[in-house]
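Student: Generate coordinates for the sequence data below:
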Amino acid sequence: MENKTHFYFIMFENLGHIRYALFTLGFVLYCAIIILNVLIILSICLERTLHQPMYILISCLSINSVYGTAGFFPRLLSDLLSDTHTIFNEACLIQGFVIFTYTTNEFATLMLMAFDRFVAISKPLQYHNIITLRVITFLIFIHWIFPMLCLGITVLLTSRMTMCGNKLWKVYCHNYELVKLSCTNSLLSNVYGLFVLIISAVIPLCLILYSYVKILIICQKSSSQFRSKAYQTCIPHIVILLNFSIGIISEIILSRLVNLEIPIWLSVFFSLEFLVVPPILNPLVYALNFTDIRKKIICLIKKIKCYT
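Tutor: Numbering: from 1, shown residues only. Now for the predicted structure:
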């Protein structure tokens with residue numbers, strides 16, 4: 001990247017004293033995200049009866065939320081209190097990598113959840129033979145590592161570009177925003193970026209939709225009791241999926257449609273929705289809808305109170 005050693009976040013300009021209110025809100029949200037997701041992770045890890053594929057996948061969502069927000073919130077909070085809003089090239093590339101591997105990991109986990117529910121509902125008698133802990137661990141490993149390797153190549157391609165500007169219209173580093181700042185031919189990066197988008201988001205989303213449509217068809221042909229039980233386990237996953245998908249689609253649209261005229265605060269909200277809402281919504285949805293998780297969390301909280 002020629003003589004551009006850093007990037008500058010434009011969105012932090014002219015915040016005035018409101019930045020302290022935003023810092024407080026961000027700090028509270030980050031603490032809530034960490035506490036809620038750590039409780040989910042601990043409740044599943046410490047309770048042997050929860051060592052089942054569905055619960056393992058729920059814990060993966062929480063682990064991914066902690067990972068993704070760690071790449072975003074500390075830097076955001078620092079920038080809100082700082083008078084200089086610059087980030088070095090290497091740090092920017094790392095942040096972009098963390099945020100977008102968080103995104104691909106989320107889609108991969110949601111896809112495995114849909115597959116898990118599809119097998120449980122379509123083949124209930126063979127479920128425990130098909131979806132074992134070994135199988136689900138292998139699938140998680142493959143579906144997390146492969147997109148991360150692909151995104152690593154994306155970051156490598158971006159790092160080799162010559163930059164003609166250093167002003168980012170975001171509050172975090174976004175690989176596509178860096179590509180737009182390049183003054184060299186970015187055709188290769190754009191084509192490869194489209195390929196990564198298809199394999200890491202479009203294909204998983206299509207498989208997720210296919211699984212839930214098949215589940216819906218099976219439920220319509222089944223008894224009301226079976227249908228009720230199936231809906232009870234699927235609806236939380238669908239709520240999480242819809243929320244995350246809407247956030248990602250909003251972010252993609254905002255990144256591509258540079259001439260879209262909307263208020264800055266609304267642009268920032270839509271660009272942050274997939275980073276802020278899912279990490280705090282996921283543990284709440286699963287804690288409220290799964291009795292076993294809720295009971296273990298209450299037990300953990302009681303033990304913590306006893307020690308304090």
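Student: quick one: what helix or strand has S222 in it?
Tutor: S222 is part of no helix or strand when elements are defined by DSSP states H and E.
Student: Is it correct that it is in contact with A230?
Tutor: Yes: in terms of C-beta atoms under 8 Å, S222 counts as a neighbour of A230; the distance is 7.5 Å. C-betas here are computed from N, CA, C, even on glycine.
Student: any residues in contact with both of these two?
Tutor: By C-beta atoms under 8 Å, 6 or more residues apart in numbering, S222 and A230 have no common neighbours.
Student: Look at the two and report which has more neighbours.
Tutor: Neighbour comparison, S222 and A230: the larger count goes to A230, with 19 against 14 (by other C-beta atoms under 10 Å).
Student: who touches the more buried one in this structure?
Tutor: Taking C-beta under 8 Å, 6+ apart, we find A230 in contact with R117, I121, I215, I218, C219, S222.
Student: how about V276, phi and psi?
Tutor: In this entry, V276 is assigned phi and psi values of phi -110, psi -50 (degrees, to the nearest 10).
Student: Could you check how many residues crowd around it?
Tutor: If you count neighbours by other C-beta under 10 Å, V276 ends up with 19.
Student: Likewise for K229?
Tutor: Other residues lying near K229 total 14 when counted by other C-beta under 10 Å.
Student: again with T84
Tutor: Burial of T84, expressed as a neighbour count using other C-beta under 10 Å, amounts to 10.
Student: Ok, A287 next?
Tutor: 20.
Student: right, and it touches I40 too?
Tutor: Yes: counting by C-beta under 8 Å, A287 touches I40, with 6.9 Å between them.
Student: list residues touching both of those two?
Tutor: Common neighbours of A287 and I40, using C-beta under 8 Å, 6+ apart, are I293, I297.
Student: now T24: how far from L77?
Tutor: Using C-beta to C-beta, to the nearest Å, one obtains 10 Å as the distance from T24 to L77.
Student: Next: I203.
Tutor: Plainly put, I203 is 35 Å away from L77 if you go by C-beta to C-beta.
Student: Looking at these two, which has the bigger crowd around it?
Tutor: Just comparing I203 and L77: by other C-beta under 10 Å the higher neighbour count belongs to L77, 16 against 13.
Student: quick one: low-confidence ranges for the protein?
Tutor: Scanning the chain for pLDDT under 70 picks out the ranges 1-4, 185-186, 256-262, 305-308.
Student: Strands of that one, residue ranges please.
Tutor: Taking DSSP state E as the criterion, the chain carries its strands at 6-9, 86-88, 167-168.
Student: deepest of these, which one?
Tutor: Between these, the one whose residues have the most neighbours on average, counting mean count of other C-beta atoms under 10 Å, is strand 6-9 (a mean of 19).
Student: what's the offset of it from the middle of its chain?
Tutor: Average the C-alpha atoms of strand 6-9, do the same for its chain, and the two points are 24 Å apart (C-alpha atoms, centre = their mean, to the nearest Å).
Student: From the contact counts, what lies against it?
Tutor: Applying 3 or more C-beta pairs under 8 Å, 6 or more residues apart in numbering; DSSP states H and E, one finds that strand 6-9 makes contact with strand 86-88, helix 89-122, strand 167-168.
Student: Ramachandran angles for M161?
Tutor: The main-chain torsion angles of M161 are listed as degrees, to the nearest 10 and equal phi -80, psi 150.
Student: Just list whatever residues bridge to the residue lying closest to it once chain neighbours are set aside.
Tutor: In space, M161 comes closest to S182 once its chain neighbours are excluded; the distance is 4.1 Å by C-beta to C-beta, 6 or more residues apart in numbering. Beta-bridge pairing for S182 (DSSP bridges): M163.
Student: S182 against L157, yeah?
Tutor: No: here S182 does not reach L157: they are 10.2 Å apart, not a contact under C-beta under 8 Å.
Student: Phi, psi for the most far-flung residue of the chain relative to its centre please.
Tutor: The outermost residue of the chain, judged against the average C-alpha position, is S223 (35.4 Å), by C-alpha atoms, centre = their mean. With angles defined as degrees, to the nearest 10, S223 shows backbone torsions of phi -70, psi 160.
Student: swap in N14?
Tutor: Taking degrees, to the nearest 10 as the convention, N14 sits at phi 60, psi 40.
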